[in-house]
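Chemist: Sequence and computational prediction follow.
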Amino acid sequence: MRGVCLLFGPPRQVCFLAMTEPVSSNDISAKTAGPRGLLIVMTGASGVGKGTLREKWLAGQDVFYSTSWTTREAREGEVNGREYIFVKPAEFLAKAEQGGFLEHAQFVGNHYGTPIEPIEAALERGQDVILEIEVEGAMQVKSRMGDRAILVFIMPPSLTELRRRLTGRATETPERIEKRLTRARDEIMEAHEFRYVVVNDDLERAVGEMQAMQRAERAAQRPESEWTPEDRAAIELAQRLHSRTLTREDLLNVVNS
Ligand SMILES: Nc1nc2c(ncn2[C@@H]2O[C@H](COP(=O)(O)OP(=O)(O)O)[C@@H](O)[C@H]2O)c(=O)[nH]1
Ligand SMILES: Nc1ncnc2c1ncn2[C@@H]1O[C@H](COP(=O)(O)OP(=O)(O)O)[C@@H](O)[C@H]1O
């Protein structure tokens, strides 16, 4: 229903009216007026290539990339305020307590969260907002925002390739790699919960698919009479990326390979 409405149907506002979920008074998109940005959430296993893909996809675009808070130690070369806002657990938990995160989750022993205020401001400016977060947090965004969040699951070609990427990146100890891979199995089995699934095997193709998905979602906010041939091509491609095309067997094939 959700995807059909967006991809084949009338402008998005009509989809919202069709939603049964109540809009709470602290719902960030409920406060926006006029043209607004898209809220796009990239999720998927650690090491699948979310960061790599995101940098190529967003190069040259004026979007707002949300910088998360985390309690994990900065890696060599990471800068406070650029990769993450690095904080102590007490500071993180105080912000969580005050409702300062759109979502937050624990991942392999550390807290990660998306600060809410800058997102609200960017959406109000009409900028697309991009989150790159793990699966539990993405599920929280889904339940809080409903169809107003565009959730994209980035799928590895196989678990063997995911292990190769995590090992090749050389940022984690072997023990932490194993923890990430264990978590990845569960995360992959949840892929059907998200609107789109992009397989990051060939990076250039995956970048093209992210661009098409974004274009299709923008087009879906306008009346069909305004769609260009490029919009229509993007919509056609985005339909093929829709998670309804996935079977449980597809997911098991990734996890077991
Ligand atoms: N829920 C949630 N997850 C996040 C957030 N920021 C980053 N993550 C995810 O937390 C996981 C671990 O991140 P990190 O320690 O940087 O490892 P890496 O992504 O493998 O380089 C990754 O899947 C990130 O996408 C956030 O604000 N919220
Ligand atoms: N399509 C791809 N093919 C091969 N290697 C890739 C691809 N995408 C990313 N990588 C590599 O995989 C590793 C993990 O990528 P990264 O972007 O850090 O993942 P994530 O942000 O999901 O944790 C990096 O070394 C990156 O260069």
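Modeler: The structure has been received and is ready for your questions. Ligands and ions are numbered 1, 2, ... in the order given.
Chemist: contacting residues around Asp231?
Modeler: Contact analysis of Asp231 by CB atoms under 8 Å, 6 or more residues apart in numbering lists 215-216, 218-219. All C-beta atoms are positioned from the backbone trio N, CA, C, and that covers glycine.
Chemist: can you do 7 Å?
Modeler: If you count contacts by CB atoms under 7 Å, 6 or more residues apart in numbering, Asp231 has them with 215, 219.
Chemist: Show the model's pLDDT score for it.
Modeler: Predicted confidence (pLDDT) for Asp231: 97.
Chemist: What are the phi and psi values at it?
Modeler: Per-residue torsions, Asp231: phi -60, psi -40 (degrees, to the nearest 10).
Chemist: Show me the shaky parts of the stretch 1-150 of the chain.
Modeler: Regions of the stretch 1-150 of the chain meeting the criterion pLDDT under 70 cover residues 1-35.
Chemist: List, one by one, the residues from it near ligand 2.
Modeler: For the stretch 1-150 of the chain, the residues found near ligand 2 under the criterion CB under 6 Å from any ligand atom are 46-52.
Chemist: show me where the protein has helices.
Modeler: Assigned by DSSP state H, the helices in the chain fall at 2-8, 12-18, 50-58, 89-97, 117-125, 135-145, 159-169, 174-188, 203-219, 229-241, 248-255.
Chemist: Residue of the protein nearest ligand 1, please.
Modeler: The minimum distance from the chain to ligand 1, using CB to the nearest ligand atom, falls at Gly137 (2.3 Å).
Chemist: export the residues of the stretch 1-150 of the chain next to ligand 2 to TSV and tack on neighbour count?
Modeler: TSV is the format used below for these (neighbours: other CB atoms under 10 Å):
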residue	neighbour count
Ser46	22
Gly47	23
Val48	26
Gly49	21
Lys50	19
Gly51	13
Thr52	16
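Chemist: from these, which single one is nearest Arg183?
Modeler: Closest approach between those and Arg183, by CB to CB: Ser46, at 7.4 Å.
Chemist: which ones are touching the closest residue to the closest one other than its chain neighbours?
Modeler: Excluding its sequence neighbours, the residue lying closest to Ser46 (CB to CB, 6 or more residues apart in numbering) is Arg180, at 4.5 Å. Going by CB under 7 Å, 6+ apart, Arg180 touches 46-47, 108, 166, 172.
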